[in-house]
Structures are given as C-alpha cells and as structure tokens.
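Chemist: Here is my input, please return the structure:
(one chain, ligands or ions: 1)
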Amino acid sequence: MAEIKFVVYENQKSKNIAEEIALKTSCVSITYEEFKKTDDKGEFYFFADDKNFEIRFSNINSKAVSVDFSGGKISHRIKTSTVKNPLAKAVGLKGRMEKKPFIVDATAGLGTDSFLLYCLGARVAGFERNPFLFYLLEKGLKNYFKANENHNDLLFINSDSFNLFQKLMENNITQRPDVIYLDPMYPLENKKKAKPKKELEVLRKIIGRDNDSHFLFNEIASFKNLRIVVKRPIHSPLISDLIKPSHKIESKLVRYDVYLV
Ligand SMILES: C[S@@+](CC[C@H](N)C(=O)[O-])C[C@H]1O[C@@H](n2cnc3c(N)ncnc32)[C@H](O)[C@@H]1O
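Modeler: The predicted structure follows:
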C-alpha cells in the first residue's frame, strides 16, 4: 500500500489545519517549497489549502483524488438520478416519503453514494475509517454547504463502522437507521472487469482492499429490523456465506444485494 508521508500546505492560512491533519495521520506538515526538496516523497501526498484538500501524485504534482460535491461529474450524476436509480431502489427510496429514511453508509469512501442518497431525500451518516479520506469528505461538505448552513441531514464520521450502534450513540445520533449501506473495496482480483476508474485505482493504492468486510457484514446482519444493502461487482460472490439476500438489483457493472433482516 502507498503510504502518505507529507501534508503539504499552500500558505500561512492553511498551516494550522495542515498541522492538525499531520498530527492525526502521523505525517509531517511542510510547505510545497520544502516538499520539492525532499528525497523520499512517496507516491502520494496530502495537499491542503484554504479552499480545498486533495490527495496528489508526488511525481507529477497533480490531483489524484478530492471531494467536490458541486463539481461537474457528481452534479451530473445527481441531475440525472431519480428514485429509479438502482442504488435508490435498493435502499428503498420512493418519490414521496412521509418521513426521511435514515441511511448509514458504513463505508463512505469519497462520499459519492452518500451524497446521491442525501440528494434523493434521505438523511445520511457516513462512516469512513481512513483519516485522509475523512478530511477530504469534511472539506467537501463544508465547501458545499458553505459556512453556516445547517447540514444535519448529511454528515461524516471518522471511525470504523464496527460496533455501529454504539458509534452512533457516541456521536449523539439517537435515530435508529432504517438502512445500512456497504460498499467495501472488493477484496478479490476481478479478472473479468474492465480497468478500474482512476479514482478507484488510487483508493486501492492508499487503502488496499477491505479484507474484513464480511466480518462487518456479519456483525450488522446480526441486528434485527434492518435493511442492509451491499454493493458488489456484477458477477462476484455474496459478501457472506451465512445469509442470502432477499433480492438483488443489477445494473451493467454492479449488483446491489438487499438483505431484510
Ligand atoms: C469502495 S470505497 C466506498 C466508495 C463510496 N461508496 C463512494 O461512493 O465514494 C470503500 C471505503 O470504505 C472504507 N471502509 C471499509 N471498511 C470500513 C469500516 N469498517 N469502517 C469505516 N470505513 C470503512 C474504506 O476505507 C474505503 O474508503
């Protein structure tokens, strides 16, 4: 896995936050001038300026991944998605809902699915255990909602999602989730699939594969009265041998396994 060693800040305005991120991630915070002179840069570095955070490629100094909820790609996905979207169907979103369903995204990643579900009318809490990705998510959220706007219906928590119900309480979330959504990094080599998207390739290098996802699923499936949705590559095996899905929703490349427990 590619280790990120440096948090590089642009100017004095971003120095404090860069130091905070470096402390939380056991990195060193330095200016770009200092970084350029460093020998052992590693494949990626975390870049912080007052407007945005990015994970960047060290060798070409260009963006590898960031979170921009207002950006072209994601806003296109939002504009063209309705409750007929396979993910929306899998989590059970409807056109008219008396009450907003509460969805916990137990594997938030870059927040794309969380954001889509929020835009389609759900209340969403996303768990992301990787601190670099969490900082990207938080900055993306702050930029999207601007300074003071209330955004209780979409939030991210920097934590592992094992012991999920306890973690929700610890974060003062008392509402019981209606749905728990899992989209872990697929642990196996998927021979049939086309080349992964650039973002996914970068995530694989930074995070690796989520080899513990079946444990997470088994733990969550031990709770009752829950809808659990697991996203898998289309022809891949189920996440766990212990329990069969109630139904599946398939699109061209992915499959959503829906478990009603
Ligand atoms: C494939 S990515 C998710 C992509 C996401 N659905 C999106 O739309 O951007 C999987 C993410 O889940 C996170 N993850 C895996 N297991 C986790 C766990 N037990 N707790 C919290 N985060 C986890 C990984 O760190 C990774 O960022």
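Chemist: and stretch 70-81 with the ligand, contact?
Modeler: No. Stretch 70-81 does not reach the ligand (CB under 6 Å from any ligand atom); its nearest approach is 9.6 Å. C-beta: built from backbone N, CA, C; applies to glycine.
Chemist: ok, what's across the strand from Phe44?
Modeler: Ile4, Phe57 (DSSP bridges).
Chemist: Oops, could you answer that again for Val8 instead?
Modeler: Ile30, Phe47.
Chemist: confidence score at it?
Modeler: Note for Val8: predicted pLDDT of 97.
Chemist: Same check on Asn211?
Modeler: In this model, Asn211 is scored at 91, pLDDT.
Chemist: do Gly121 as well
Modeler: Value for Gly121, per-residue pLDDT: 93.
Chemist: Close to the ligand: what parts of the stretch 151-261 of the chain are there?
Modeler: Looking at the ligand, the residues of the stretch 151-261 of the chain close enough under CB under 6 Å from any ligand atom are 160-162, 183-185, 203, 207, 210, 216.
Chemist: Looking at the residues you listed, point me to the pair that's furthest apart.
Modeler: Spanning the widest gap among those are Phe162 and Leu203, at 19.9 Å by CB to CB.
Chemist: So between the two, which is more surrounded?
Modeler: Higher neighbour count among Phe162 and Leu203: Leu203, with 21 against 15, using other CB atoms under 10 Å.
Chemist: so that one is in which element?
Modeler: Assessed by DSSP states H and E, Leu203 sits inside helix 198-207.
Chemist: Show me the domain layout of this protein.
Modeler: Listed domain ranges for the chain are 4-65, 72-260 (source: automatic domain parsing).
Chemist: for Val7, what are its contacts?
Modeler: Neighbour list for Val7: 18-19, 21-22, 25, 27-30, 45-48 [criterion: CB atoms under 8 Å, 6 or more residues apart in numbering].
Chemist: which one of the residues of the stretch 151-261 of the chain next to the ligand has the most neighbours?
Modeler: Highest neighbour count within those: Ser161, with 24 neighbours (other CB under 10 Å).
Chemist: And the pLDDT at that one?
Modeler: 97.
Chemist: Please apply the same query to the one 10 residues further on.
Modeler: With respect to pLDDT, Asn171 scores 95.
Chemist: looking at it, it is touching Ser161, isn't it?
Modeler: No. The pair Asn171 and Ser161 does not pass the contact test of CB atoms under 8 Å, sitting 11.4 Å apart.
Chemist: What separation do you get for Glu250 and Met97?
Modeler: Glu250 sits 24 Å away from Met97, going by CB to CB, to the nearest Å.
Chemist: Tell me how many other residues surround the residue in the stretch 1-150 of the chain positioned nearest to the ligand.
Modeler: Residue of the stretch 1-150 of the chain nearest the ligand, by CB to the nearest ligand atom: Gly109 (2.5 Å). Applying other CB under 10 Å, we find 23 residues neighbouring Gly109.
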